[in-house]
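J.: Next input, structure requested:
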Amino acid sequence: MAESSTVRVLLHPLHIPGTAEALARIDGIELLTPADEEAVRQTSAPVIVTYRWEPEYLTDTLRWVQATSAGVDQFPLEELAAAGVVLTSARGVNAPAVAEHAFALLLALTRGVGVSIRRAISSPMAPSPTTAIVFPPISSPRRGRHSPARRAVSWGM
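T.: Okay, here's the model as predicted:
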């Protein structure tokens, strides 16, 4: 029978709620949850889950940085690559919600939702005219899997 191995994963203390619980449910992980920034600097693990970076995080044992943010500008990309450290991020994780929000705003604008709400507050019985706005066809619907352009095609735009 093969020996099971565990991977030490350091979770930065500033993280969104539920992250520690989600990581703790994964088999094969020894989750390290330092209490503060100083404890992070003093703890070594092959994996760190964080949104921020300090030079002291780059240790000989570090192999993988999981950024909890979409952007990675705060990470020293060249240094990580030179040290053989893989950097992954949360890029695209919110793409469906962002595309849907863009459509919600577009529909709210074209249907006069803001005007209607303001009129309903000041004069509850006043009618609120809406204006149909005709948009030109959206080109390049294949920009991204969850792009507003792809959704526009399904709406006949």
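J.: What strand or helix carries L10?
T.: Element membership for L10, per DSSP states H and E: strand 7-11.
J.: other SSEs contacting that strand?
T.: Helices and strands touching strand 7-11, by 3 or more C-beta pairs under 8 Å, 6 or more residues apart in numbering; DSSP states H and E, are helix 19-24, strand 29-32, strand 47-50. Using the backbone N, CA and C atoms, a C-beta is placed for each residue, glycine as well.
J.: 10 Å instead?
T.: Judged by 3 or more C-beta pairs under 10 Å, 6 or more residues apart in numbering; DSSP states H and E, strand 7-11 is in contact with helix 19-24, strand 29-32, helix 37-42, strand 47-50, strand 64-67.
J.: mind showing which ranges of this structure have poor pLDDT?
T.: 1-4, 124-151, 153-157 (pLDDT under 70).
J.: Please, where are all the helices along it?
T.: 19-24, 37-42, 77-82, 95-110, 113-122, 148-154 (DSSP state H).
J.: Make TSV out of those and add mean neighbour count and distance to I48.
T.: Below are the helices of the chain laid out as TSV (neighbours: other C-beta atoms under 10 Å; distance: least, C-beta to C-beta, whole Å):
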stretch	mean neighbour count	distance to I48
helix 19-24	13	12
helix 37-42	14	8
helix 77-82	12	11
helix 95-110	13	25
helix 113-122	12	44
helix 148-154	16	34
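J.: I'd like to know which of these is closest to P55.
T.: Shortest distance between P55 and the helices of the chain, using C-beta to C-beta, is found for helix 77-82: 8.4 Å.
J.: got a list of contacts for the closest one?
T.: 53, 55, 57-58, 62, 64-65, 72, 76, 85-87 (C-beta atoms under 10 Å, 6 or more residues apart in numbering).
J.: Weed out the non-buried ones from those residues.
T.: Buried residues within the contacts of helix 77-82, counting neighbours by 16 or more other C-beta atoms under 10 Å: 53, 57-58, 62, 64-65, 72, 76, 85.
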